Structure formats: C-alpha cells, structure tokens
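Undergrad: Pasting the sequence and the predicted model now:
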Amino acid sequence: MKIPIIVITGPTASGKTSLAIKLAKKINAEIICADSRIVYKGLDIVSAKPDKKEQDGIIHHLIDIKDPVGEPYSAGDFANDAKIAIEKIREKNKPVIITGGTWFYIKCLLDEKELPQIGSNKELRTELEKYDNDTLWNMLNEIDPKRAEEIHKNNKERVIRAIEMVKTLKGSITEAERKPVEYDSIWFSNDFIKEENREKLYKRIDYRVDEMVKSGLYYEWEKAVAKYSRNEILENTIGFKEFFELEDGLYENLNEAVDKIKQRTRNFAKRQLTFFRAEEKINIVKNEDEILTYLRGNF
C-alpha cells in the first residue's frame, strides 16, 4: 500500500518547514509548499521562503511560480497546480509531503469534498476593491453567513473571492455541490498548536520578525514596490502592508511599523490555531521520528 499524502501544517513560525525537510530526507520525499506568499517571486524574506541551503537538496514545488501582480493566487489555483506536482512526484515513485500554513489551500485540495472550480470575474473584483474590509465582510455575511464565519474581515483577498464564488454559484459556498477528492492523506502538526505553547509561539514570531528585519525586510519591500508597483498582493502581505502604512503616515517611525508586523502576525497565528485545533484528523508530534514511527505502524 502506498503511503497517503503527508500533510505537515501548523501556525506561522512553528517550524513546520524544517520538520517537513527533515522527514523528506529520511523517506526520500518531495515537498509541495502550501503557502499563499511563497508562490510569489521576490517575496523571500517576508514569506520566510526556504532558500537552497535550507531546502537541503529536497525538491520543493510551487515556490516562485508567479509574479506578485494581477489577480491573487487562489486556493483553486493551488489545487490545480498541486495535482500536477503530485502526479510528477508519484511518477518517480516518491512520497509526497505537503507543508504550509495556508489552511484553505490544503483543505481545497484534500478536504472530504472538493469545491467546484470557479473562474475569476474581473469586473466584479474591480468593483469590490473599492470597498473597505468591514463593508465587504458585511456583504458576504448577508449572502453566505456560514462562509463569512470562516474568514476574518481583514482578509480582504479571501472575502472578495468568497463573494465572487457565491455570486457565481448563486448560492452558499458551503452548500454547493462538491465532488469527492482524489487523494488519501494523513495530517501532522507539531505541538505548537497546543494552547499551553501559545506564548512560546508568540515569542518565536517576535524573534522571527526581528530576524527578518535584520535580513533586509524593508529593502525587500522597496525592491518589490519598485519592480511591481503598489498593488493588492503586496498591500495585503503582512510585513509589507505595514511599510505602506508607514509611507502613508500611520506610524511615526520604522519601529512602530515593525511592532505592528509582530502584532498582526500573532493575530494571524491565533486565527490559524482556531482552524488547526478544530481539525480532528491532525496528529500532534514532536519531531520527524514520531512521524516515522506512526507511518511504520500504520502503512
């Protein structure tokens, strides 16, 4: 029996990338990255993208596949691209590891049933972009309250996509007819999803942001804006958003902007934890050896 697709997920800064690479080396696997910012070229520091040294010889898929311009990369885009990558890896008779913290990407690909494929409506998107976050979320709540409950109002990109889907389906996303998914999967996360480790996780987030700043986060933002201009993708990226706000006069200095990055990243992790803790299929492990023990005992 083939090992199912292995999912290693968890909140930001929890060490899931390192865990996935260590496991991949031991079982000769390839990794598919499920991250809404790693897909973009030039967003290396802000997305904590693993460089070639960190990848340690393991092949990674869906890194640097799109310029951060135009329409945002959607969960449907990820599902389509991930399926192609899965088949390429399986043709080599190698295990597949999917790792990342973009929960909706992973669920779209591997949930019990797959969402229908819905294209983009550019005219509608252009109109929706004119509204603020509260107005957009209220729009979604009126037409699909169940879906609205699943998306934070400040995640403008996903709220717009949800409105677009509801209007195309002419009904609730959660009640839409879905087809069975194609893959068996087994899910893992390290113990940073436990409530007792929340403060440790927040300290790791603060430390990571400080290290990102030291590594040139601000200059990466300047370079991205110079190359791609100010746009929706860059503005909705935590770690870049705050520098736009600094430029717009919302903060007095760079330190205030960095503090806001830390705060928003902690808030983002908190929202991630809400989803992870509600997912009963996730097995909590401490390291890659515990995953190996689980796999040997079950497959």
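TA: Perfect, I can see it now. Numbers count the residues shown, from 1 in each chain.

Undergrad: okay, CA-based contacts and neighbour counts for the rest of this
TA: Fine.

Undergrad: Please report the distance of Leu250 from Arg158.
TA: According to CA to CA, to the nearest Å, Leu250 stands 24 Å off from Arg158.

Undergrad: again with Tyr219
TA: Note on Tyr219: its distance to Arg158, by CA to CA, is 27 Å.

Undergrad: And Leu250 and Arg158? Which one has more around it.
TA: Arg158 (19 against 13; other CA atoms under 10 Å).

Undergrad: check which helix or strand covers the more buried one.
TA: Element membership of Arg158 [criterion: DSSP states H and E] is helix 156-169.

Undergrad: which other helices and strands contact that helix?
TA: helix 122-128, helix 133-143 (3 or more CA pairs under 8 Å, 6 or more residues apart in numbering; DSSP states H and E).

Undergrad: Quick one: the helices in the stretch 101-250 of the chain, in order.
TA: 103-110, 122-128, 133-143, 145-149, 156-169, 198-214, 217-228, 232-235, 241-247 (DSSP state H, counting those that start in this stretch).

Undergrad: Tell me which of the ones you listed sits nearest to Leu273.
TA: Go through the helices of the stretch 101-250 of the chain one by one with CA to CA and the one that ends up closest to Leu273 is helix 198-214, at 9.2 Å.

Undergrad: What lies in contact with the closest one?
TA: Applying CA atoms under 8 Å, 6 or more residues apart in numbering, the external contacts of helix 198-214 come out as Thr12, Ala13, Ser14, Ile45, Val46, Phe192, Val258, Ile261, Lys262, Thr265, Arg266.

Undergrad: try stretch 73-91
TA: Surrounding stretch 73-91, the residues in contact under the criterion CA under 8 Å, 6+ apart are 30, 32, 34, 36, 61-62, 95-96, 104-106, 108-109, 117-118.

Undergrad: rewinding a little: the helices and strands packed on helix 156-169: which one's closest to Asn231?
TA: The closest approach between Asn231 and any of these, judged by CA to CA, belongs to helix 122-128 at 12.6 Å.

Undergrad: What are the buried residues along the closest one?
TA: Buried residues in helix 122-128, counting neighbours by 16 or more other CA atoms under 10 Å, are found at Arg125, Leu128.

Undergrad: which other helices and strands contact it?
TA: If you count contacts as 3+ CA pairs under 8 Å, 6+ apart, helix 122-128 packs onto helix 156-169.

Undergrad: Apply 10 Å and report the result again.
TA: Contact analysis of helix 122-128 by 3 or more CA pairs under 10 Å, 6 or more residues apart in numbering; DSSP states H and E lists helix 133-143, helix 156-169 as its packing neighbours.

Undergrad: quick one, what contacts the closest residue to Pro72 other than its chain neighbours?
TA: Beyond its immediate neighbours in the sequence, the residue positioned closest to Pro72 (CA to CA, 6 or more residues apart in numbering) is Ile233, lying 6.3 Å away. When contacts are counted by CA atoms under 10 Å, 6 or more residues apart in numbering, Ile233 is found next to Arg37, Tyr40, Asp67, Pro68, Val69, Gly70, Glu71, Pro72, Tyr73, Glu157, Phe240, Lys241.

Undergrad: any idea how far Thr293 is from Ile233?
TA: Here the distance between Ile233 and Thr293 works out to 41 Å (CA to CA).

Undergrad: Comparing the helices and strands packed on helix 122-128 by mean pLDDT, which bottoms out?
TA: Across the helices and strands packed on helix 122-128, helix 156-169 has the smallest mean pLDDT, namely a mean of 83.

Undergrad: Buried residues in it, which are they?
TA: Buried residues in helix 156-169, counting neighbours by 16+ other CA under 10 Å, are found at Lys156, Glu157, Arg158, Val159, Ile160, Arg161, Ala162, Ile163, Glu164, Met165, Val166, Lys167.

Undergrad: what about the nearest residue to Phe244 once chain neighbours are set aside, how many neighbours?
TA: The spatial neighbour of Phe244 that comes closest, neighbours along the chain excluded (CA to CA, 6+ apart), is Glu235 at 7.1 Å. Close neighbours of Glu235, defined as other CA under 10 Å, add up to 16.

Undergrad: what do you get for the one 5 residues further on?
TA: Using other CA under 10 Å, Phe240 is surrounded by 24 other residues.

Undergrad: what's near enough to touch Leu124?
TA: The neighbours of Leu124, taking CA under 10 Å, 6+ apart as the test, are Ile160, Ile163, Glu164, Lys167.
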